[in-house]
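> here is a sequence together with a model predicted from it:
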Amino acid sequence: MFEKSLYDLIRGLRNHKGNEKEYIQNCLKECRSEIRSPDMDLKATALLKLIYLEMNGHDMSWASFHVLEVMSSQKYHQKRVGYLGAVQSFRPDTDVLMMATNLLKKDLASSHPTTITLPIAALPHLVTPSLALSLLGDLVPRLTHSHASIKKKTVVTLYRLALVYPEALRAAWPKIKERLMDKDEDPSVTAAIVNVVCELGWRRPQDFLPLAPRLFELLVDGGNNWMAIKLIKLFATLTPLEPRLVRKLLPPLTNLIKTTPAMSLLYECINGIIQGGILGDGEDFSAREEVASLCVSKLRGMVSINSDPNLKYVALLAFNRIVTTHPMLVAEQEDVILECIDSEDISIRIKALDLVQGMVSSDNLLSIVSRLMRQLKASSSALAQQQNGLDGQDLDDSSDDGSGRRAKSPEQAAPLPDDYTIDVIGRILGMCSQSNYANVIDFDWYIDVLTQLVRIAPPPRTRLDSDSLSSSKPAVDISEKIVNELRNVAVKVKAVRPAAVRAAEVIVSRLNTETVSSRPVVSGALKPLAWVVGEFAFQLSSPDDTLRNMLGLVPRVDYPEVLATCLQSIPKLFAHVAGDDQALWTPERKSSLSLLMARVIHVLEPLAQHPYLEVQERAVEFIELLKLTAEAASGQAPSTDEVQQDAPLLLTQAIPSLFTGWELNSVAPGAQYNVPIPSGLDLDEPIHPNLGSLLAQADSLMLPTQGDDEFEVYYNQRPAPTSISSGPAIERLVDAPEEVSSSYQQAGEESYLDADIVARRKAERRERNKDDPFYIPDVSSSQTGTSTPIHNILQKENGPDLDIDAIPIMSLDLEKLSVSGPSRQQQHQPRQPRQKIVIEADETLGGSGGNSGISTPGGRPGYDSENNSDSFNLTKSKKPKQKSLLQFNSSVLGGLSLTDEQQPDDGFAHERQQKEEAEMAQAMKEVQRLRLEMQRANERIQVAQGVPVEGIVVAKKKKKKVVKTAEDTGEGAAVVVKKKKKKADTGEGKEGEGVAKKKKKKAPRVVKIDDDEGEAVGSQ
């Protein structure tokens, strides 16, 4: 009477804070003793407390048998506790689960509805294949129960049984179909059946196609939003099998979209229209366009609702599916879609980026990229301010005004994660380079965008490998991908090649000046930059400075692939600087080139022992070549006033000829695979058997070194920069608040490009339009800039004060104007059109299948909106399929047919089933044959040994009793034995089987039978 209840346990647990463990152990001891009590109320209370403790992580599997005892109680409140304990503690491998089968059968057959619901609700948690097979016959009759709640729960439980025992669904389907076709059935039962059918429909939709009329009737007249959602999903899987359903479904779905106030049903209607192929190819084009416009307008309204981010997300999902069939309709919603790019929810941003990447065109590329660039620049500025704030924390607080902290702007954007920044940059590159730059109209703008992206790109994250001598390749280096785009533009678009080369030159200069000389260069952008400045060195504005910058960067490069490219670029720059055959060989030129060669050799000599063979080979080749050139230069006398000397031929002809020839063009990605390998080429064969010894015996040529002081002054003391600023451009900006435009169409380039890039673009624009009378220049720039001829005429003729009344009035003769019109129009020079840009396609071989353009996303037909969010982040590996919450895989239902006849489109499953049945029949025949052979062999052995066929044990017992009687009677035993032998000789195979059955009978009865034994055996 004084045992603790569940409420007492909870109160005690709350009162023992800090000592819960000891209190729980005491409670477990009490529960162990109470649950063994014969009192069922005390046992149920103890079980309820154990269930609560099991929810807190304490094992109660030891009480499985006691749970079964409480389940068998006749009182409902105790039985309910027992079933709860079974659901909580029983597992498929629980030993007492097989003992619960009869109890479950008994409760399923109960006359009380409350008792029936207990096993129905518990079975989904306890079911095993053997248990499902045993209870299927008791569960199916519950589909015809008078209570709707029991029928509803039975339908759902049968689906759970089918997951572990698929044949259960085949046996129960006629009853389930009967309940579905009954128009007078309870709506809750119908909704439950529709849920089960929807779960099964996407596995085998052909089995449910005959139910389409009834399902359509439920969709139109159902009135249940959740059931309508399930039906729409089911019809989305049925329409590919029956295209005529599209015309039937279009009116009710359109009506639901227009009238329903439920956002969930609205989205499912739109999603069903998309997945069902209604927006795809069809006969009625106008109807499809009308439905598409309706769906897009409704989705726009869902995106415009700022209060619910879930609606935005699902609307963007639907937009991503519509954009593949109706890109122009989605592009009209550009304003609301671009607003989602600045959402606080990162998942909404990613889906908006997927959508933007799919709807990009030449008309909206500039606005989309500008919006993304402003987002990236705002994040970069916020990150720079944070770093400056951290650097300034160590300063003296006496300079503060007492506030102790600088006020933050409320509208300042927070820094974006590096992964998101890398993803956005990758999408910008993909949109611009799509279809071989088909959407880019202004390549000068694209080059400026690439230059800005290099500045705001996050630094690469490296993974150090302790086993290797140098650092491994960066894990993610987006700057290399950016400069790869710059290299592709320089190669493919010859019209803007000078601008691309100058941009690469500026990036190399910034990379050399902004990085600390004591730290290694980890940026992967140096590899394509070195290729561009080396390949197109003749278009550099200052090749001497570029060569000096490259020589300063090479000793700090760690990655061997980057170092090999830089080593190839330095001789090209040197050949362009020193290979002018028209320049005089003056003493100044001789000394400067000698010092330059000495500097190059000094930089390359440490790389001759590099562990990477490509770097070592290139360094050795160029060192030896430059040493020969240095000897030739030192032996060539300079020119004087009397004698003109030419420069050494090694400088002017030999070295430049190494890098001149055919122009390098871009090659398609798959073209190289079609190049045949020469038959006599063996790539595994070493170049020379004694290559190591040859390299060890090679003597190095040492030049006479100059004085250390002169060398240090000439090379290491860098002159003050003239045209390129050593500091970042962001530091030269005024700390004024940035004006954020209310619309993405009104913002200019100043919002996402640095000040130096904007100033250069303005200067180029003024120079290009200075003679254009329709161009209105900036007032501030026109006061300090050069005056045009139009400005000079106005200034000279009118003066500073223009008198309107002094302007003479001229007579207007239309006939003279009409005659002289053409001549005047010829004097008027038309406005020069923009230069036509030609983009070269990739070179390929026949059958390579390489697409034009670089390895960027293809055109719109190949756009995959669902997978684009993972398209740039290191090609993420495929995620494993997640199990359902029930911990069972429903794929076992894919090969189960609910009808006896297999569908014609399921040929593989039908053939597989026929093969299994044939194998099973053959195995049964083989087993039967072997069994008969063993039986006959056993009979032959017994006959050969003289043993009766009736059985050895029975025969022995008969002989013993007969021997005992022989001592008394004398001859009776011999007669009996002879008779039995005769019976055994004349008996058939059936006698052995009869004797085998007769072993269970007592032996004296068999012994007493003498003459009638064969008849008795044969009758049996």
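Okay, I see it.
> mean confidence score for the host helix or strand of residue 49?
Assessed by DSSP states H and E, residue 49 sits inside helix 40-55. For helix 40-55, the mean pLDDT works out to 92.
> okay, now the unreliable bits of the stretch 851-1000 of the chain?
851-912, 945-1000 (pLDDT under 70).
> ditto for the chain
1-3, 280-284, 306-307, 387-413, 461-476, 698-748, 774-836, 844-912, 945-1020.
> walk me through the domains of it.
Domain assignment for the chain, taken from automatic domain parsing, gives 1-59, 140-201, 208-273, 279-359, 729-834.
> what's the closest of those to residue 127?
Closest of the domains of the chain to residue 127 is domain 140-201, at 5.6 Å (criterion: C-beta to C-beta). Every C-beta, even on glycine, is put in place using the N, C-alpha and C of the backbone.
> endpoints of the closest one, how far apart?
Domain 140-201 has an end-to-end distance of 21 Å (criterion: C-alpha to C-alpha, to the nearest Å).
> and what of stretch 512-526?
End-to-end for stretch 512-526, by C-alpha to C-alpha: 10 Å.
> buried ones in it?
512, 513, 515, 521, 522, 523, 524, 525, 526 (16 or more other C-beta atoms under 10 Å).
> swap in stretch 649-659?
Those would be 650, 651, 652, 654, 655, 656, 659, for stretch 649-659 by 16+ other C-beta under 10 Å.
> repeat that for stretch 117-135.
117-124, 126-128, 131-132, 135.
> what number of residues lie near residue 257?
With neighbours defined by other C-beta atoms under 10 Å, the count for residue 257 comes to 19.
> quick check: it touching residue 293?
No: the pair residue 257 / residue 293 is not scored as a contact, 11.3 Å apart, by C-beta atoms under 8 Å.
> report the buried residues of stretch 18-26.
residue 24.
> residues touching it, excluding its own?
Contact with stretch 18-26 is made by 12, 13, 16, 53, 56, 58, as judged by C-beta atoms under 8 Å, 6 or more residues apart in numbering.
> hmm, which of those residues are the buried ones?
Buried among the contacts of stretch 18-26 (16+ other C-beta under 10 Å): 13, 53.
> which one of the contacts of stretch 18-26 sits closest to residue 381?
Of all those, residue 381 sits closest to residue 56, with 50.6 Å by C-beta to C-beta.
> nearest spatial neighbour of that closest one, chain-adjacent residues omitted?
In space, and not counting its chain neighbours, residue 56 is closest to residue 24: 7.7 Å by C-beta to C-beta, 6 or more residues apart in numbering.
> any idea how far the one you found is from residue 48?
The gap separating residue 24 from residue 48 is 15 Å, by C-beta to C-beta, to the nearest Å.
> what of residue 292?
58 Å.
> quick one, strands of the stretch 351-500 of the chain?
For the stretch 351-500 of the chain, strands defined by DSSP state E, counting those that start in this stretch do not occur.
> dump stretch 331-345 to CSV, restricted to CA.
Backbone C-alpha positions of stretch 331-345 (Å, rounded to 0.1, in the frame of the first residue of the first chain) are rendered in CSV as follows:
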residue,chain,number,x,y,z
ALA,A,331,13.2,35.2,-65.9
GLU,A,332,10.3,37.7,-65.6
GLN,A,333,10.4,37.1,-61.8
GLU,A,334,14.0,38.1,-61.6
ASP,A,335,13.4,40.9,-59.1
VAL,A,336,11.8,38.7,-56.4
ILE,A,337,14.3,35.9,-57.0
LEU,A,338,17.3,38.2,-56.6
GLU,A,339,15.9,39.4,-53.4
CYS,A,340,16.2,35.9,-52.0
ILE,A,341,20.0,36.0,-52.7
ASP,A,342,20.3,38.3,-49.7
SER,A,343,18.1,36.2,-47.4
GLU,A,344,19.4,35.4,-43.9
ASP,A,345,18.6,31.7,-44.5
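> contacting residues around that stretch?
For stretch 331-345, using C-beta under 8 Å, 6+ apart, the contacting residues are 296, 299-300, 303-304, 309, 312-313, 316, 319, 330, 348-349, 351-353, 355-356, 359, 361, 364, 367-368, 371-372, 375, 744.
> same thing but at 7 Å, please
Residues from elsewhere that reach stretch 331-345 (C-beta atoms under 7 Å, 6 or more residues apart in numbering): 296, 300, 303-304, 309, 312, 316, 348-349, 352-353, 355-356, 359, 361, 364, 368, 371-372, 375, 744.
> would you mind listing which of those are buried?
Taking 16+ other C-beta under 10 Å as the criterion, what is buried in these is 296, 300, 303, 312, 316, 348-349, 352-353, 355-356, 359, 364, 368, 371-372, 375, 744.
> three-state assignment of residue 519?
Assigned with DSSP: H, G, I helix; E, B strand; the rest coil, residue 519 falls in the coil class.
> so which bits of the host helix or strand of residue 621 are buried?
Take DSSP H and E as the rule and residue 621 turns out to sit in helix 613-635. For helix 613-635, a neighbour-count test (16+ other C-beta under 10 Å) marks 615-616, 618-620, 622-623, 625-627, 629-630, 633 as buried.
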